[in-house]
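Engineer: sequence first, then the predicted structure:
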Amino acid sequence: MALTLARGARIVAATHNPGKAKELAALLEGRFQVVSAGELNLPEPDETETTFVGNAVLKARAAADRSGLIALADDSGMSVTALGGSPGIYSARWAGPGKDFAVAMDRVRERLEETGFEDLHAWFSCALAVAWPNGGPVVAVEGRVDGTLTFPPRGTRGFGYDPIFIPEGGTQTFGEMEPAAKDAISHRARAFAQLKAALFD
Ligand code: ITT
């Protein structure tokens, strides 16, 4: 039997990041009954894997087995070409324990300054994983959006590194764009489209 995620299913969104949770809720568009990891008091597992997909699977697996519900997890980040792909899977960690993204964005700027700002190309990646409880199956997909970095940061919308990232073909940063405009092209939306094609009835 094909694996499907039926309309109306009760699922847990396995994220503790409010910015992500908001975007995931918009993408899910009322299709499922979504409870958050916070509402269920689920612990945040250590992200010990070395890829976005690995960490998304780890988070979905942990939440599904803890909650007994189908779990959707997101592991994402921004990679900078001139920095050899950093911060990548360490994107959240560059903001430090206070989760201060002004600090993280400044760290990116400082590291780029050392390279003479010659190459400002960057991309966002998003891996989404759905895991069924009790050691059940897991499905993972990955989406990406390329763009250019700009300093100083611009815009107060979105979250994380959005104020320094201009998607390819655009002029505004993700931090300046309407949420719906970001949702139309983002790494998260692109991963989500694949999940939809693979699993939704
Ligand atoms: P959970 O693990 O609880 O979901 P987290 O914030 O720790 O939350 P990640 O380990 O996946 O999640 O870290 C991803 C980081 O990458 C996130 O904190 C953002 O700073 C950044 N990021 C991911 N998607 C982004 C987006 O759409 N816009 C801006 N920054 C983004």
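Structural biologist: That came through fine.
Engineer: relative to A189, how far out is T48?
Structural biologist: T48 is 27 Å from A189, where distance means Cβ to Cβ, to the nearest Å. C-betas here are computed from N, CA, C, even on glycine.
Engineer: dump the longest helix seen in the chain to CSV, restricted to CA.
Structural biologist: As assigned by DSSP state H, the longest helix anywhere in the chain is helix 52-67. What follows is helix 52-67, C-alpha atoms only, in CSV (Å, rounded to 0.1, in the frame of the first residue of the first chain):
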residue,chain,number,x,y,z
PHE,A,52,20.1,18.7,6.6
VAL,A,53,18.2,15.5,5.7
GLY,A,54,20.0,13.5,8.5
ASN,A,55,19.0,16.1,11.1
ALA,A,56,15.4,16.4,9.8
VAL,A,57,15.0,12.6,10.0
LEU,A,58,16.5,12.6,13.5
LYS,A,59,14.0,15.3,14.7
ALA,A,60,11.0,13.7,13.1
ARG,A,61,11.8,10.2,14.4
ALA,A,62,12.3,11.5,17.9
ALA,A,63,9.0,13.5,17.9
ALA,A,64,7.0,10.7,16.4
ASP,A,65,8.2,8.1,18.8
ARG,A,66,7.7,10.4,21.8
SER,A,67,4.3,11.6,20.9
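Engineer: which other helices and strands does the helix or strand following that helix contact?
Structural biologist: Using DSSP states H and E, the next helix or strand after helix 52-67 towards the C-terminus is strand 70-80. Contacts defined by 3 or more Cβ pairs under 8 Å, 6 or more residues apart in numbering; DSSP states H and E place strand 70-80 against strand 10-13, helix 18-28, helix 52-67, helix 101-113, strand 121-131, helix 187-199.
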